[in-house]
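Visitor: output the structure for:
(2 chains)
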Protein chains: 2
Amino acid sequence: MKRVVIIGGGFAGLAAARELGGARGVEVTLLDRRNHHLFQPLLYQVAMAGLSPAEIAQPIRSLLSKHANIRVLREEVTEVDFARQLVRSRQRSHPYDYLVIACGSWHHYFGHEEWEPFAPGLKTVEQATEIRRRVLDAFEEAEKEEDAARQRALLTFAVVGGGPTGVELAGAIGEMSRFTLARDFRRIDPKLARIVLIEAGPRILPGFAPELASRAVRDLESLGVQVWTSSPVSKVDADGVEIGDERLRCATVLWAAGVRPAPLTEAIGRQPGVELHGSGRVVVAPDLSLPAWPGVFVAGDQAYLEDERGRPLPGLAPVALQQGRYLGELLRRELSGRPRPGPFRYRDKGQLATIGRRRAIAQMRRLRLAGPLAWVIWLVVHIYYLVGFKNRLLVVIQWAWSYWRFRRGARLIVDKTWRFYGE
Amino acid sequence: MKRVVIIGGGFAGLAAARELGGARGVEVTLLDRRNHHLFQPLLYQVAMAGLSPAEIAQPIRSLLSKHANIRVLREEVTEVDFARQLVRSRQRSHPYDYLVIACGSWHHYFGHEEWEPFAPGLKTVEQATEIRRRVLDAFEEAEKEEDAARQRALLTFAVVGGGPTGVELAGAIGEMSRFTLARDFRRIDPKLARIVLIEAGPRILPGFAPELASRAVRDLESLGVQVWTSSPVSKVDADGVEIGDERLRCATVLWAAGVRPAPLTEAIGRQPGVELHGSGRVVVAPDLSLPAWPGVFVAGDQAYLEDERGRPLPGLAPVALQQGRYLGELLRRELSGRPRPGPFRYRDKGQLATIGRRRAIAQMRRLRLAGPLAWVIWLVVHIYYLVGFKNRLLVVIQWAWSYWRFRRGARLIVDKTWRFYGE
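Guide: Now for the predicted structure:
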């Protein structure tokens, strides 16, 4: 009986486990510090009060429960020991014959971790709920504020980072203020909210063709979002954001500017023969194994691999999903005595980004689309890849409702503490 | 222009505000420390991972947005001054001509507030999420635990309080362990979880007829719940519960044993001429006004009023709802120069409690029902009273799904902190 240990229940880890489900002669242990698999491409909608967390999250345990050879443990892996073929959590060690590492990435403040309290990132359900709380809070506080300058700061929202997540967040705040909240307040006019998307580079959405990115800028502007490019942030604090000698007073700053691989990568990097790329990702062989450790594989955002044209594979859900499936298949073959398959090849089905209602951009090979059709494609693709029939149904209803009624389904401000009688 | 201030956006406050929406010559200000109205009768389903918080909560602001004469402010009222006709929050004062107080109740540890960290109550979304986290956590930890005694404690759940909430919580844990989680674990058998419902009085569900209560006991037992009556809890700590010299080791204790009116009641009690009942509730005249202050009204769980037969009205959602409507109507009449209506009369439409799938009890006047029909009535009534068409649709889908698949839609363990880089 061979033991396969998978660290991480994201797109890559879950796909690998599913491929190995029911395979003979193999026992799989999937370790994750969370109990749920999260559909991260829609997490910004939780942050923007459009969806509930449970609509895009599923217990890993129940996703894999039909496979008797898979065991799921909620455990945070803190150390790996490739020589002894062990992974360690705080409580215990797990020996393995094959190891799949797919812990994903965290957001990253480029050495300014002290900015985090003022500018939350968007990687977990907790962060999405926190962002929702802050954005809705700002409107509630503004409604009560007597001081004009303070009220203006409350109605100013900065989103740092002009990638797809930043664009989606900024567009959603624009849409929320222009449509959803427009009628609900008496003293303030939510339509006067200022939303600023701040990007350090010369343009937003660098992964897309320039004409699509500039269409996205126009779409954002039509929702009241101003795009500031070539604007590296030099400071974030409770009062707002500094860009060189410019200063934007705002009560809400959201961080979508950078990611780095999950912290376990450091432990991996300390193992002999492991090479880390400058981005912090683990350099893998074309079959996703480590060159020095052929029984250890790294997949998803944590892995560094270049495509045929020498470009690094992006940290996207489709890459992780395809790598997970590839690894599951590879291990099935190896365990049944067949040779490993050829190198991993990423099949790029295209890229999508949505700005708001009927506003999206799509780039698929040579096809470039913007507007309602791109938006419909975005909808269909995201519903299709969402895990679980019931979640698909719930999300479709939420979206249909928002579309017809300009409402958002989850406008809930939830406190951080649950106790009545102080700590 | 007369100013009506309403404190609290629960069933009573919201119903009163809605009655006053669009009334001429009146400006309404509704103050609540939360941004949402919560459908508390279904809150236990959030705690039991069956529903998402947003499915039973709606922003008060958007529920009232169509009425231009109503202003909603998220503010916690800390003081009242009946002589000067003012209510005060930390930030400012609100003068009023008429005041409606409906802040509801909190749970209550009978002088043992130090038990709260070990035995959360169920009044807010945060507490429901915390309970969900603890219950799901216990199963996850048990799956990993090597020590048999510790594992048994992790798989033991105590629910203190044999009213409808306690019965619903205990039944739901029973059902979750017997059906939903049964296949998902490898090392533990969730069906062996011990669930104990602990009641200080001689029987559970004292509001129901004895034969219905004993049917509920049988239904609970069929889900693996043991009912301990005449068992006043003498201690709760991290290890479990003590009842006299008996001791139950359990990792999870839930509190459904007692409520008291919200803390603002103390400030009300300090006003001249105000009488508090022994239960802490404010004694009101038959028209819900305060005998010494005819422009001040108290409704819902906070008010103490007896029915025609001298029995105090229970702290239930239908009472609050009917009182809110009555007050809205009363104020409309008074403001248009007509006399106040006759005294408030509670129309008791009956009581319902659900134990689990197809298990419920219903008592309506002389009709007494138990089993599938009572359960269907319970479903229909709760869907009917739930606020908002979309929420009704989402809840129906969640329930249909749970019914067919024995699944629960929101099995999400959410942490208390959202930050990566320590405090």
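
Visitor: drop to CA atoms for contacts and neighbour counts, all remaining ones
Guide: Fine.

Visitor: what pLDDT is listed against A:Asn391?
Guide: For A:Asn391, the pLDDT comes out at 85.

Visitor: please, which helix or strand holds A:Leu73?
Guide: Per DSSP states H and E: A:Leu73 is located in strand A:70-74.

Visitor: distance of the residue nearest to A:Ala128 when sequence neighbours are not counted from A:Pro232?
Guide: Once flanking residues are discounted, A:Ala128 sits nearest to A:Ala47: 4.2 Å by CA to CA, 6 or more residues apart in numbering or on different chains. As defined by CA to CA, to the nearest Å, A:Ala47 lies at a distance of 24 Å from A:Pro232.

Visitor: so which of these two has more stuff around it?
Guide: Under the criterion of other CA atoms under 10 Å in any protein chain shown, the comparison of A:Ala47 against A:Pro232 puts A:Ala47 first, with 28 against 16.

Visitor: who are the packing partners of the helix or strand hosting A:Arg134?
Guide: Assigned by DSSP H and E, A:Arg134 belongs to helix A:125-144. Packed against helix A:125-144 by the contact rule (3 or more CA pairs under 8 Å, 6 or more residues apart in numbering or on different chains; DSSP states H and E) you find helix A:43-47, helix A:148-154, strand A:252-255, strand B:70-74.

Visitor: need the residues of the stretch 301-423 of chain A near chain B, please.
Guide: A:390, A:394, A:397-398, A:401, A:409-419, A:421 (CA under 8 Å from any CA of the partner chain).

Visitor: out of those, which are buried?
Guide: Among these, those scoring as buried are A:394, A:397-398, A:401, A:409-415, A:418-419 (criterion: 16 or more other CA atoms under 10 Å in any protein chain shown).

Visitor: and A:Ser230, how many neighbours does it have?
Guide: 13.

Visitor: how near is it to A:Arg203?
Guide: Taking CA to CA, one finds A:Ser230 at 7 Å from A:Arg203.

Visitor: same check, this time on A:Leu379
Guide: A:Leu379 is 25 Å from A:Arg203, by CA to CA.

Visitor: give me the nearest residue to A:Ala285, chain neighbours excluded.
Guide: Nearest non-adjacent residue to A:Ala285, counting by CA to CA, 6+ apart: A:Pro291, 5.7 Å away.

Visitor: export the helices and strands packed on helix A:125-144 to TSV and tack on mean pLDDT and distance to B:Ser89?
Guide: TSV is the format used below for those (pLDDT from 0 to 100; distance: least, CA to CA, whole Å):
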stretch	mean pLDDT	distance to B:Ser89
helix A:43-47	95	29
helix A:148-154	95	19
strand A:252-255	97	24
strand B:70-74	96	10
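
Visitor: go through the ones you listed and name the closest to B:Arg152.
Guide: Closest of the helices and strands packed on helix A:125-144 to B:Arg152 is helix A:43-47, at 36.6 Å (criterion: CA to CA).

Visitor: which other residues reach that closest one?
Guide: Residues from elsewhere that reach helix A:43-47, judged by CA atoms under 8 Å, 6 or more residues apart in numbering or on different chains: A:51-53, A:56, A:122-125, A:127-132, A:165, A:168-169, A:410.

Visitor: partner strands of the helix or strand that it is followed by, parallel or antiparallel?
Guide: Moving toward the C-terminus from helix A:43-47, the next helix or strand (DSSP H and E) is strand A:57-59. Strand pairing for strand A:57-59, determined by DSSP bridges: strand A:36-38 (antiparallel).

Visitor: give me the residues contacting the strand it pairs with.
Guide: Outside strand A:36-38, the residues touching it (CA under 8 Å, 6+ apart) are A:Gly9, A:Gly10, A:Phe11, A:Leu14, A:Ile56, A:Ala57, A:Gln58, A:Pro59, A:Ile60, A:Arg61, B:Leu412, B:Ile413.

Visitor: in helices, which of the buried ones among the residues of the stretch 301-423 of chain A next to chain B appear?
Guide: Those of those mapping onto helices are A:Leu394, A:Ile397, A:Gln398, A:Trp401, per DSSP state H.

Visitor: residues contacting the closest residue to chain B within the stretch 251-400 of chain A?
Guide: Nearest residue of the stretch 251-400 of chain A to chain B (CA to the nearest CA) works out as A:Leu394 at 6.7 Å. Residues in contact with A:Leu394 (CA under 8 Å, 6+ apart) are A:Glu55, B:Leu394, B:Ile397.

Visitor: phi, psi of the closest residue to A:Asp307 other than its chain neighbours?
Guide: By the measure of CA to CA, 6+ apart, the closest residue to A:Asp307 outside its immediate chain neighbours is A:Leu313, 6.3 Å from it. Backbone torsions for A:Leu313, taken as degrees, to the nearest 10, come to phi -70, psi 140.

Visitor: list the contacts for A:Leu313?
Guide: If a contact means CA under 8 Å, 6+ apart, then A:Leu313 has A:Tyr304, A:Leu305, A:Glu306, A:Asp307, A:Val319, A:Tyr346 as its contacts.

Visitor: could you give the number of residues near the closest residue to A:Lys349 other than its chain neighbours?
Guide: With sequence-adjacent residues excluded and distances taken as CA to CA, 6+ apart, A:Lys349 is closest to A:Met364, at 6.1 Å. Number of residues near A:Met364 (other CA under 10 Å) recorded here: 12.

Visitor: beta-bridge partners for A:Met364, please?
Guide: Beta-bridge partners for A:Met364, by DSSP bridges, are A:Leu367.

Visitor: I'd assumed A:Ala370 was in contact with it.
Guide: No. The pair A:Met364 / A:Ala370 is not scored as a contact, 11.7 Å apart, by CA atoms under 8 Å.

Visitor: I'd guess A:Ile195 is in a strand, am I close?
Guide: Yes. A:Ile195: assigned to a strand according to DSSP: H, G, I helix; E, B strand; the rest coil.
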